[in-house]
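Colleague: sequence below, structure please.
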Amino acid sequence: MEGTRAAIRYAKALLSLALSEKKADKVNDDMKLIANTISNNGELANVLSNSVIKTEVKKASLLAIFPKLNKLTSGLFDLLISNKRIDILHDVAEKYSVLFDAHNGKETAQVTTAVPLTKDLENKVLAKVKQLTNKTVELESIVDESILGGFILRVGDKQFDASISNKLNKLKREFTLN
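Modeller: Alright, predicted model coming up:
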């Protein structure tokens, strides 16, 4: 939890600085690249979180892996290393992208269905979510056969569960209470 709160603070500070220097888009591209690279490379994540590996090696590794980063992004590496927080780089990168999207009025909606969404249904869901939130929405589709049918829609911190499994669980609770 503490690492997450710290990551949010670093991400907010970086976003504020990037906005003032009008480089928020470029820094966001860097943050997405960093988050994806660390997520897809367990070895890099281990290097960053390993306290035995010297900070100079970590910094040299990051600069070798990401040679064409914005000056602000490389400055974040220096700041995290000097504060002995380089292990939260992945979290900072993810939080930055979330804050950047929120700043630009974008939101990600997750829709979970038992079968893959058709393009037509995906467009209808996008239209409905956009109508409800008044923001630009990016839809992330998740297939989970355990919900049996229906859907679960999650936008921000709100969730609408219209799945068959949820309805069956409600019925089961009603019958066990009576």
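
Colleague: which residues of this protein fall in helices?
Modeller: Using DSSP state H, the helices of the chain run over residues 2-20, 24-40, 42-49, 55-65, 71-82, 89-103, 119-133, 164-177.

Colleague: next up, the contacts around the spatially most central residue of the chain.
Modeller: The centroid of the chain falls nearest to E94 when counting by Cα atoms, centre = their mean (4.8 Å). By Cβ atoms under 8 Å, 6 or more residues apart in numbering, the contact list for E94 reads 7, 31, 35. Any C-beta I mention is one placed from the backbone N, CA and C, and that applies to glycine too.

Colleague: nearest to T55, out of those: which one, please.
Modeller: Relative to T55, the closest of these is A7; by Cβ to Cβ it sits at 18.4 Å.

Colleague: give the contact list for that closest one.
Modeller: A7 makes contacts with 88, 91-92, 94-95, as judged by Cβ under 8 Å, 6+ apart.

Colleague: export those residues to TSV and tack on distance to I65 and pLDDT?
Modeller: What follows is the contacts of A7, written out as TSV (distance: Cβ to Cβ, whole Å; pLDDT from 0 to 100):
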residue	distance to I65	pLDDT
I88	17	94
D91	18	95
V92	16	95
E94	17	93
K95	20	93
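
Colleague: which among these gets closest to E138?
Modeller: Nearest to E138 among the contacts of A7 is E94, at 14.9 Å by Cβ to Cβ.

Colleague: in this protein, what secondary structure element scores lowest on mean pLDDT?
Modeller: helix 119-133 (a mean of 81; mean pLDDT, DSSP states H and E).

Colleague: now that helix - C-alpha only, CSV.
Modeller: Provided in CSV are the C-alpha atoms of helix 119-133 (Å, rounded to 0.1, in the frame of the first residue of the first chain):
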residue,chain,number,x,y,z
LYS,A,119,-18.1,-5.2,-32.8
ASP,A,120,-21.7,-4.1,-32.9
LEU,A,121,-22.2,-4.9,-29.2
GLU,A,122,-18.9,-3.3,-28.3
ASN,A,123,-20.0,-0.1,-30.0
LYS,A,124,-23.3,-0.1,-28.1
VAL,A,125,-21.5,-0.5,-24.8
LEU,A,126,-19.0,2.3,-25.7
ALA,A,127,-21.9,4.6,-26.6
LYS,A,128,-23.7,3.9,-23.3
VAL,A,129,-20.6,4.3,-21.2
LYS,A,130,-19.8,7.6,-22.9
GLN,A,131,-23.3,8.8,-22.3
LEU,A,132,-23.1,7.9,-18.6
THR,A,133,-19.6,9.4,-18.0
